[in-house]
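S.K.: okay, sequence plus prediction incoming.
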Amino acid sequence: MNIKHLKISQKLAILFSGLFVMLLLHYFLVFKLDANILDDGTKLDIAQRNGMAIQQAIFYLRNVVDGNHQTDLNDLSNRVSLINSNLDILQNGGVYTARFNEEIEVKAIEKDINTQLLAFKRLWKDFDRRFTKIRTTSQLHHDSLLVYYIAETTSSSLQFPVEEDLFSLGSLGNLDGGLDDLGDLSLSFDNNNTNTALSTNYRKVEYQFDNILNGSIVPDVNFIIRNTEKLILLNKNLENSLSTRLHYDQVRLRYWMVALFLINAIVIGVGYWFVVKTSLHPLLKIRQLINRLAAGDISRTLLARSHDEVGSLIQDLSRFSQGLEHITDFATQVGKGNFDENFEVRSKKDKLGYALLEMRNDLKQNSEEDKKRNWTNEGTAKFSDILRQHAQDMEALSYQLISNLVHYLGANQGGIYSLEKEGNENDAKANLVLKAAYAYNKQKFINQSIPVEQGLLGQAVMEKGHLYFNQISSDYIRLTSGLGEATPSYLLIVPLISNDEVHGVIEIASFKPIEKYQLSFVIKLSESIAATLSNVRSNERTKLLLEESQMYAEQMRAQEEEMRQSMEELTTTQEELERIQGSLKERLTNYEAVVNSTKSMILALDGEYNIKVLNRSYAAMLRRLKGTEVPNGSNILEILTQEQLEYWKPHYERALGGESFTMVSNIKNSEFEDVYYELEFFPLIATSGIITGFAIVNREVTSLNPVRFTEYDNIIPIV
């Protein structure tokens, strides 16, 4: 069998099978040695517990001999039973209950140690038999009376002290176990009792012994006491043999662990060499190829020289390299912006291919969206400049807006209408007046006024919403709007709304569709245009009112001078004067009503900076800022703080110098949000040409695009 033709899985199966068999042998050997160590340790524990039980049995035996304690007798029986049970387990094997009630299966003791066990058991049989006799004896102690006679020779030489007799008796008693075994001794003398068979030279003596040990078990007790040390020594020999056996098994386990470690190292080394030679070396070459592919080098490939998984992997890498070439070409074309480059996925599971196609589509979409955003941002900046530069002239503003909007949208025609009212306020008629028209790169001068109730323009105004048509009648443009003779296909009408008030309409006609982003741009732009138109219209109206007011004031001063010079004439023409004054008062009342009803804030100062005109809007703002009412005739320089005075006085001086200019400032409202105002300064010139003061018209322009304010270097809070 040629190993080169084996698959990697087969090679690894052979290797790991050998390793598995080796691990099994390793496990069973270590398990066997551990079991022997546990068995030897348990046997040693049994022998040690037997030694302790022997000592306890001797202790309980002495207590029994001294006092026949029933509890000690029971404990003695328990220790003897424990020793017998342990000896049976050591010789025959069995279940041993170790500490903490753990049950351990113990094998029979080995033959080389059985000699010490048998020697111990032979001596223990005598101990067990004698212990049994002692435990089964019904009466272990009794009382006895000893009577003997003492010969008396002479009263002087044959007298023996009683103490010496007792001592000699006690000494005799020690030959059979000592005084401790005789019990309690009581002594009595009977001098009157005389035995008729004896000579009158002898005296009778009686000894009373209490709690004397039963004589039948005295030899057994003496045997146990004399051979206790021998029994303990035999058990100690057994313990030493078991300890030696345990140490031997532990050393053998360590030797086997070292040997198995060396065997494992050799087998693993051979297996490693086998894997490296047959599998890892070819994989290393494949890794080098993959590294080159990862580094971008797709020009090299490998030839498959085996039929295993490595050979299949090399073939797959070759196909992968070709796929990378195709992907590289596709990515290069996409990077150049050629989003229409063709790319075919290799299969339904080609996630990379589908991801590249999705990336191409996303990049294409993002590119288009970026163009749209840039187009919108550029348009916003462009038209913000137009609104800022032409904010003072309605006609110029209208033309610049519509002409640039037509060009920017790529449309063909366009017009901007202003919503104007004619007649009294209660009976006013609203018309859409064409302010500027642009068609085919030329300005069209067309005078047109359309009632707000008529046509599509009126519909957009009434509904306050834009209208977009992708198909219009051939006569709509020519008959209704007058923007030209050609008939575009697409029409967009957007009302100019600011603060929910319509100020005009924009009409755009095009031969190509108006995209959604263009429509959104026009709608957003219409809000800024509406706000600007509203401000321009308000400025013109306010300026006209101020000029009329100035003219009325001059007329009144002239008339007052004439009245002072011709008091006599005034007397005769008093009725005429009262009529004229009534007319002037009525006109002044109308003027004040107009000034106070406008949304703009109006302030007029004379050459000494005294307030001459102050409408309600401006007075309310000053009251809110200063916390007190500011009446007409107050000097503005006394109201301003030092910081405000340093900033505003140069502007006042410019206006008194005859200069008209516009600036923007801001203020915090009650919700601490910035509110922007546009301030227009212009001088007040009398009919004689003398500048008598200046006026400030203040309008809120927060709704306008902030780009309009970029030209103002300093924006500080309004007074």
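M.R.: Cool, got the structure.
S.K.: domain assignment for this structure?
M.R.: 3-138+220-262, 141-213, 390-539, 540-709 (automatic domain parsing).
S.K.: please identify the most buried of these.
M.R.: domain 390-539 (a mean of 18; mean count of other CB atoms under 10 Å). In this view, the C-beta of every residue, glycine as well, is placed from N, C-alpha and C.
S.K.: let me see the mean pLDDT of that domain.
M.R.: In this model, domain 390-539 carries a mean pLDDT of 82.
S.K.: stretch 87-96 too?
M.R.: For stretch 87-96, mean pLDDT rounds to 88.
S.K.: any idea which of the domains of the chain has the lowest pLDDT on average?
M.R.: Mean pLDDT across these is lowest at domain 141-213; the value there is a mean of 49.
S.K.: which parts of the stretch 551-700 of the chain are strands?
M.R.: Assigned by DSSP state E, counting those that start in this stretch, the stretch 551-700 of the chain shows strands spanning 601-606, 611-614, 661-668, 674-685, 691-700.
S.K.: could you dump the ones you listed into CSV and include distance to Ala13?
M.R.: Formatted as CSV, these follow (distance: least, CB to CB, whole Å):
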stretch, distance to Ala13
strand 601-606, 95
strand 611-614, 103
strand 661-668, 82
strand 674-685, 78
strand 691-700, 87
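S.K.: among the ones you listed, which is nearest Leu76?
M.R.: strand 661-668 (105.6 Å; CB to CB).
S.K.: now the angle between strand 674-685 and that closest one, please.
M.R.: With axes from the mean of the first three to the mean of the last three CA atoms, to 10 degrees defining the directions, strand 661-668 sits at 150 degrees from strand 674-685.
S.K.: what's the angle from strand 661-668 to strand 691-700?
M.R.: Using the same axes, to 10 degrees: strand 661-668 against strand 691-700 is 50 degrees.
S.K.: name the helices or strands packed onto strand 661-668?
M.R.: Where contact means 3 or more CB pairs under 8 Å, 6 or more residues apart in numbering; DSSP states H and E, strand 661-668 is packed against helix 642-656, strand 674-685.
S.K.: distance from the chain centre to the longest one, please.
M.R.: Helix 642-656 has its C-alpha centroid displaced from the chain centroid by 56 Å (CA atoms, centre = their mean, to the nearest Å).
S.K.: output it as PDB - backbone C-alpha positions only.
M.R.: Provided in PDB are the C-alpha atoms of helix 642-656 (Å, rounded to 0.1, in the frame of the first residue of the first chain):
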ATOM      1  CA  GLN A 642     -21.900 100.800  27.400                       C
ATOM      2  CA  GLU A 643     -21.100  97.700  25.400                       C
ATOM      3  CA  GLN A 644     -24.200  98.100  23.200                       C
ATOM      4  CA  LEU A 645     -23.500 101.800  22.800                       C
ATOM      5  CA  GLU A 646     -19.900 101.100  21.500                       C
ATOM      6  CA  TYR A 647     -21.400  98.800  18.900                       C
ATOM      7  CA  TRP A 648     -24.500 100.600  17.800                       C
ATOM      8  CA  LYS A 649     -23.500 104.300  17.800                       C
ATOM      9  CA  PRO A 650     -21.200 103.900  14.700                       C
ATOM     10  CA  HIS A 651     -24.200 102.400  12.800                       C
ATOM     11  CA  TYR A 652     -26.400 105.300  14.000                       C
ATOM     12  CA  GLU A 653     -23.700 107.800  12.800                       C
ATOM     13  CA  ARG A 654     -23.600 106.000   9.400                       C
ATOM     14  CA  ALA A 655     -27.300 106.500   9.000                       C
ATOM     15  CA  LEU A 656     -27.100 110.100  10.100                       C
END
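S.K.: show me the contact partners of it.
M.R.: Identification of contacts with helix 642-656 by CB atoms under 8 Å, 6 or more residues apart in numbering yields 605, 607, 609, 636-637, 640, 661, 663, 681-683, 691, 693-696, 714, 716, 719.
S.K.: report the angle between it and strand 601-606.
M.R.: 70 degrees.
S.K.: next secondary structure element downstream of the helix or strand harbouring Ser241?
M.R.: For Ser241, the element it lies in under DSSP states H and E is helix 218-275. Downstream of helix 218-275, the next assigned helix or strand under DSSP H and E is helix 281-294.
S.K.: list the buried residues for that next one?
M.R.: 282-283, 289, 293 (16 or more other CB atoms under 10 Å).
S.K.: gap between the one helix or strand Arg62 maps to and the chain center?
M.R.: Secondary structure assignment for Arg62, by DSSP H and E: helix 8-67. Using CA atoms, centre = their mean, the distance from the centre of helix 8-67 to the centre of the chain it belongs to is 53 Å.
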